[in-house]
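*Asks:* Provide a 3D model corresponding to the input given below.
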Amino acid sequence: MQTLIVDGTGRNEQDSKTKYLANRVIEKLNLRDYQTVDLYNTEIPFVTKDIIKSWATPDNDTVALRLLNQFEQSDQIIFIYPTWNWSVPAIVRAYMDLIIISGRTFKYNSQGKSYGCLTDKRVILISTTGGKTYPRVIASILKAQSGDNYMKQVLGTIGITDIVQYGIDNTAYNFNDSSGSFDVKQYQEHVRQFVDKIT
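*Replies:* As a prediction, the model looks like this:
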């Protein structure tokens, strides 16, 4: 199985609670064949009319098409991102805009209903939130705005429904010491217990 890791953190695990969690999850998954796209160290263009034109010519060698081809050729995709302003970072959205393409990763049938073309892929979402949110199960039922719900919606557009979520919420509240400062060791122990439960 070829795995693609899409890293939307822009930081290392010493500076990012999300990246620390992701690294521990990835270690537990014992991946053997994977490549990583660090979105903050990769040219991620916003979709323009020139990029839209390039989609009609698959042999063009553009950054957008290389990222799309890489995504399509992967069996499993792992997305790593923090929750910012009830959604994913803008760079993750920009990346998804390069993947969700009519006529390529989703199409319309004769009744005008869309269907996804990438039904054979598995996705793992690894995320954290700093602030208080609905518990993940309740948020899913209420369809509350969140990075995870956005990702599930857009992935469903391209046919991906095999989605696993690993997330820790309320990191700015749940792991403070008596002085109100973030307790790194407390968080790391929570992550260890969390990851131990992954089968």
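*Asks:* What is the least confident helix or strand in this structure?
*Replies:* helix 136-142 (a mean of 58; mean pLDDT, DSSP states H and E).
*Asks:* which residues are contacting the strand or helix carrying residue 124?
*Replies:* Here residue 124 is covered by strand 122-128, with elements defined by DSSP states H and E. Strand 122-128 has contacts (CB atoms under 8 Å, 6 or more residues apart in numbering) with 17-18, 21-22, 25, 29, 75-83, 147-148, 151-152, 155, 160, 162-169, 171. Just so you know, the C-beta spots here come from the backbone N, C-alpha and C atoms, and that holds for glycine as well.
*Asks:* now with 6 Å?
*Replies:* Contact partners of strand 122-128, identified using CB atoms under 6 Å, 6 or more residues apart in numbering, comprise 17-18, 22, 25, 76-82, 147-148, 151, 155, 160, 162-168, 171.
*Asks:* Report the mean confidence score over that strand.
*Replies:* The average pLDDT within strand 122-128 is 97.
*Asks:* Can I get that strand as CSV, trimmed to CA atoms?
*Replies:* This file holds the C-alpha atoms of strand 122-128, laid out as CSV (Å, rounded to 0.1, in the frame of the first residue of the first chain):
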residue,chain,number,x,y,z
ARG,A,122,-8.5,5.2,2.4
VAL,A,123,-8.0,8.5,4.3
ILE,A,124,-6.8,9.1,7.8
LEU,A,125,-7.4,12.5,9.4
ILE,A,126,-5.1,13.6,12.2
SER,A,127,-6.0,16.8,13.9
THR,A,128,-6.2,18.8,17.1
